[in-house]
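Visitor: Kindly return the folded structure for what I paste below:
(one chain, ligands or ions: 1)
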Amino acid sequence: MSQIYAAFKSIGAYVPEKILSNEELEKMVDTTDEWIVKRTGIKERHIASKDEATSDMATKASELAIERSGLDKDSIDLVLCATVTPDYFNMPSTACLVSDKLGIKNVQAFDISAACSGFVYLLSVAKAFIESGMKKNVLIIGAEKFSSIVDYTDRSTCILFGDGAGAAIISATTNKSEAFVDVHASADGSYADFLVTPAPGSVNPVSQKVVDEGLQYVQMKGNETFKLAVKTLTKDVKEILADNDIKSEDIPHFIPHQANYRIIKAVGDALKMTKEQVVVTVEKYGNTSAASIPMAINDIWESGRLQNGELMLLDTFGGGLTWASALLPFAGKAK
Ligand code: ACO
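Guide: Predicted coordinates:
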């Protein structure tokens with residue numbers, strides 16, 4: 001029997017209509033457009049409307065990914081969603097809600113929580129399901145309504161995050177030239193306090209204290225996270241390239257997690273990547289956590305930069321702490 005591989009067949013994304021600019025943030029907290037641009041590269045971010053949930057954005061991104069894959073939605077046999085801002089914190093999962101909104105029945109569906117690394121983590125999960133022969137067409141989603149856990153009086157976090165969703169179809173193939181080359185995914189829980197939303201959860205169930213102390217909002221040790229992000233992202237990429245005997249100059253599209261332009265630049269420089277190789281979208285979307293990488297892939301696909309067969313190198317880092325990288329060709333149709 002011929003070997004089965006996982007192939008990245010299509011991409012889709014959705015960004016909410018409303019834009020929150022740096023100028024608007026200047027009126028909300030003690031900050032300036034100049035500080036935000038200089039320290040992060042972010043000019044604006046999109047914010048979901050009050051009645052727009054994570055699953056709504058995820059569904060819109062998924063509809064595009066399914067349409068572009070040319071598949072009938074009923075041939076999807078697994079729906080996976082990476083999010084730390086699910087519709088409901090306990091149940092049901094956002095993947096279940098998205099499956100229902102897409103009209104996909106009797107499908108296995110579940111969420112994973114790996115913060116900004118979620119989408120690349122899902123590539124490893126989809127790869128394992130497909131290569132084992134258990135599933136054939138997997139819908140993977142990274143979707144976040146980060147604005148729902150951001151304290152808009154905290155200038156150190158509220159300037160960073162935005163909302164959005166990205167989705168991809170990963171399908172079984174016997175064509176080795178379409179196959180994922182490699183995926184690495186790791187975690188170190190000893191850094192859990194670098195990025196945390198203290199409530200709601202079993203440690204801090206909902207209470208008056210939670211609300212009074214604002215424990216439902218994201219807290220970040222920004223500077224410590226920044227330093228570790230640069231070090232880890234660079235090391236991770238060097239390892240995945242060396243393991244697969246590929247040089248950084250052979251990568252047409254390096255798509256790092258979009259948290260801060262200074263992190264992207266430091267990692268790109270350390271790898272001697274050119275401006276043309278490094279994909280940057282952080283200026284218009286901010287940090288959209290698990291949605292950041294699929295939204296960036298969608299950007300280069302929609303602008304006609306991503307061609308069939310071209311190698312993508314993905315690299316991400318986030319709460320947990322988690323980090324992951326992936327090396328894979330785009331196995332779908334170019335725009
Ligand atoms: N406007 C003006 N001043 C500010 C702002 C602001 N919005 N925010 C912080 N400052 C001030 C601080 O109070 C501090 O002032 P002080 O020196 O008087 O104390 C000064 O600016 C420097 O603060 P730092 O936190 O040291 O600034 P830094 O250069 O590190 O930038 C930032 C902060 C942008 C948060 C950066 O650290 C960062 O990007 N960190 C990494 C984020 C990341 O990668 N997260 C991982 C993924 S996210 C996820 O998984 C969900």
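Visitor: C-alpha from now on. contacts and neighbour counts both.
Guide: Fine.
Visitor: Strands of the stretch 101-250 of the chain, start to end?
Guide: Listed in chain order, the strands of the stretch 101-250 of the chain (DSSP state E, counting those that start in this stretch) span 108-112, 137-145, 163-173, 182-187, 195-196, 219-220.
Visitor: Mean neighbour count, those strands: which tops it?
Guide: Highest mean neighbour count among those (mean count of other C-alpha atoms under 10 Å): strand 137-145, with a mean of 31.
Visitor: now for the strands of the stretch 101-250 of the chain, which one comes closest to the ligand?
Guide: strand 195-196 (6.8 Å; C-alpha to the nearest ligand atom).
Visitor: Now the strands of the stretch 101-250 of the chain in CSV, please, with extra columns for distance to the ligand and mean pLDDT.
Guide: Compiled in CSV, the strands of the stretch 101-250 of the chain are given as follows (distance: least, C-alpha to the nearest ligand atom, whole Å; pLDDT from 0 to 100):
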stretch, distance to the ligand, mean pLDDT
strand 108-112, 14, 98
strand 137-145, 10, 98
strand 163-173, 12, 98
strand 182-187, 12, 97
strand 195-196, 7, 96
strand 219-220, 8, 96
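Visitor: can the ones you listed go into CSV with extra columns for distance to Glu302?
Guide: Shown next, in CSV, are the strands of the stretch 101-250 of the chain (distance: least, C-alpha to C-alpha, whole Å):
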stretch, distance to Glu302
strand 108-112, 27
strand 137-145, 18
strand 163-173, 13
strand 182-187, 25
strand 195-196, 32
strand 219-220, 33
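Visitor: Now Val183: closest residue in space, sequence neighbours ignored.
Guide: Ala326 (4.2 Å; C-alpha to C-alpha, 6 or more residues apart in numbering).
Visitor: Enumerate the sheet neighbours of the host helix or strand of that neighbour, specifying parallel or antiparallel for every one.
Guide: Assigned by DSSP states H and E, Ala326 falls within strand 322-329. Here strand 322-329 is paired, per DSSP bridges, with strand 182-187 (antiparallel), strand 311-318 (antiparallel).
Visitor: for the ones you listed, which one sits closest to Leu102?
Guide: For those, the distance to Leu102 is smallest for strand 311-318, at 27.4 Å, taking C-alpha to C-alpha.
Visitor: For the residue of the chain found nearest the ligand, list each beta-bridge partner.
Guide: Taking C-alpha to the nearest ligand atom as the measure, the chain has Gly318 as its residue closest to the ligand, at 3.1 Å. Gly318 has these beta-bridge partners by DSSP bridges: Thr322.
Visitor: Count residues in the vicinity of it, would you?
Guide: Residues within reach of Gly318, counting by other C-alpha atoms under 10 Å, total 22.
Visitor: how about it, what does it touch?
Guide: Contacts for Gly318 (C-alpha atoms under 8 Å, 6 or more residues apart in numbering) come out as 114-117, 195, 289.
Visitor: same question, Tyr121
Guide: Here Tyr121 is in contact with 114, 185, 324 (C-alpha under 8 Å, 6+ apart).
Visitor: What is the nearest of those residues to Val278?
Guide: So of those, ranked by how close each gets to Val278 (C-alpha to C-alpha), first place is Ala324, at 17.1 Å.
Visitor: still on that earlier bit, most neighbours among the contacts of Gly318, which one?
Guide: Neighbour count (other C-alpha under 10 Å) singles out Ser289 as the most crowded of the contacts of Gly318, with 34 neighbours.
Visitor: so who does the residue lying closest to it once chain neighbours are set aside touch?
Guide: Nearest residue to Ser289, sequence neighbours excluded (C-alpha to C-alpha, 6+ apart): Cys116, at 4.0 Å. Going by C-alpha under 8 Å, 6+ apart, Cys116 touches 257, 288-292, 316-319, 322.
Visitor: Name the residues of this protein found near the ligand, please.
Guide: 31-32, 35, 39-40, 115-116, 155-156, 159, 222-223, 225-226, 229, 259-260, 289, 317-319 (C-alpha under 6 Å from any ligand atom).
Visitor: Weed out the non-buried ones from the contacts of Cys116.
Guide: The neighbour-count criterion (16 or more other C-alpha atoms under 10 Å) marks 257, 288-292, 316-319, 322 among the contacts of Cys116 as buried.
Visitor: Let me have those residues in a markdown table, adding pLDDT as columns.
Guide: Converted to a markdown table, the buried ones among the contacts of Cys116 look like this (pLDDT from 0 to 100):
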| residue | pLDDT |
| --- | --- |
| His257 | 97 |
| Thr288 | 98 |
| Ser289 | 98 |
| Ala290 | 98 |
| Ala291 | 98 |
| Ser292 | 98 |
| Thr316 | 97 |
| Phe317 | 96 |
| Gly318 | 96 |
| Gly319 | 96 |
| Thr322 | 97 |
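Visitor: correct me, but Thr54 touches Phe146?
Guide: No: assessed by C-alpha atoms under 8 Å, Thr54 is found out of contact with Phe146, at 9.1 Å.
Visitor: what touches both of those two?
Guide: In contact with both Thr54 and Phe146: Thr85, using C-alpha under 8 Å, 6+ apart.
Visitor: Which residue ranges make up each domain of the protein?
Guide: With domains defined by automatic domain parsing, the chain comprises 5-175, 182-329.
Visitor: For the first one, measure first residue to last.
Guide: When you say that, I think you mean domain 5-175. End-to-end distance for domain 5-175: 7 Å, by C-alpha to C-alpha, to the nearest Å.
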